[in-house]
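Engineer: coords below, sequence missing:
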């Protein structure tokens, strides 16, 4: 098993609402406590997976003999999806990255056996995923499910640079982007919940919100060739999310 090292100057996305809403007290990255919410949310409750989708993705690759694919899931939340992908015989290096402390409300992050898979980084800062000999690891598949809308627009460029750098030249980057707002109060209730307290401390989780796919295509087009999402299965299958699929441009615009 290849030892995987994530090089970053920002283990957590310290200033982001999805970090702050879950944090109760902090002394260091290794010594902090989590806040209980009446309605858990985002990284603290998102643990989606889909075995059939994983099978479909792996089946897209014409793998010979002992060939395997590397898979990176960005904003992996509870980690179930990438942990399940790692269990497939035809996957090699599988890594899930997340910048929220809220993931420690999830079982997978507290399991010693998953520490080779689940790792931390602020996805809007530069990071590098490398083998123990210092070589950058490229991924055949990079996924991101309803994460990108959590970033400010001025953070998107670095996020997509990170994707571009880690995606293999024949790899595919795909996932979903929520096209709707999500603001939470200090107890975790969202803006449409009857218990939502608009006068309390508010956490705007979705910071870049467009109602259609076109603005997202314009932003991503700098780094990627945009394709129609043509997988048979959609993770969570939300009607108000943009399911995208990209490959790296040969020359960045």
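Structural biologist: Received the coordinates, thanks. Computed from a prediction, not measured in an experiment: that's the story for all the values here.
Engineer: count the neighbours of residue 87 for me.
Structural biologist: Other residues near residue 87 come to 10 when the count uses other Cβ atoms under 10 Å. No exception for glycine: its C-beta is placed from N, CA and C like everyone else's.
Engineer: how near is it to residue 54?
Structural biologist: For residue 87, the distance to residue 54 under the criterion Cβ to Cβ, to the nearest Å works out to 9 Å.
Engineer: beyond the longest helix seen in the chain, next helix or strand please.
Structural biologist: For the chain, the longest helix by residue count, based on DSSP state H, is helix 156-166. Sequence order places strand 167-178 as the next helix or strand after helix 156-166, per DSSP states H and E.
Engineer: same for that following strand, what does it pack against?
Structural biologist: Here strand 167-178 touches strand 139-145, strand 241-248, going by 3 or more Cβ pairs under 8 Å, 6 or more residues apart in numbering; DSSP states H and E.
Engineer: got a list of contacts for that strand?
Structural biologist: Outside of strand 167-178, the residues that reach it under the criterion Cβ atoms under 8 Å, 6 or more residues apart in numbering are 60, 70, 138-149, 163, 206, 209, 216, 224, 229, 231, 234-236, 238, 240-248.
Engineer: if we go by neighbour counts, what in that strand is buried?
Structural biologist: 167, 168, 171, 172, 173, 174, 175, 176, 177, 178 (16 or more other Cβ atoms under 10 Å).
Engineer: beta partners of the last one?
Structural biologist: Residues found in beta-bridge contact with residue 178 (criterion: DSSP bridges) are residue 241.
Engineer: work out for me the element the closest residue to residue 47 other than its chain neighbours sits within.
Structural biologist: Once flanking residues are discounted, residue 47 sits nearest to residue 78: 3.0 Å by Cβ to Cβ, 6 or more residues apart in numbering. Assigned by DSSP H and E, residue 78 belongs to no helix or strand.
Engineer: tell me the pLDDT of residue 78.
Structural biologist: Reading off the per-residue confidence, residue 78 sits at a pLDDT of 97.
Engineer: how about it, what does it touch?
Structural biologist: For residue 78, the contact set (Cβ under 8 Å, 6+ apart) comprises 43, 45, 46, 47, 48, 103, 106, 107, 108, 109.
Engineer: returning to what we had before: between the helices and strands packed on strand 167-178, which gets nearest to residue 8?
Structural biologist: Nearest to residue 8, of all the helices and strands packed on strand 167-178, is strand 139-145, at 16.4 Å by Cβ to Cβ.
Engineer: tell me how far that closest one is from the chain's mean position?
Structural biologist: Its chain's C-alpha centre lies 9 Å from the corresponding centre of strand 139-145 when counted by Cα atoms, centre = their mean, to the nearest Å.
Engineer: average pLDDT for it, rounded please.
Structural biologist: Mean pLDDT, taken over the full extent of strand 139-145, equals 98.
Engineer: one step back: what residues does the longest helix of the chain touch?
Structural biologist: Contact partners of helix 156-166, identified using Cβ under 8 Å, 6+ apart, comprise 72, 74, 123-129, 136-139, 142, 144, 148, 151, 173, 208, 219-220, 222-224, 248, 252.
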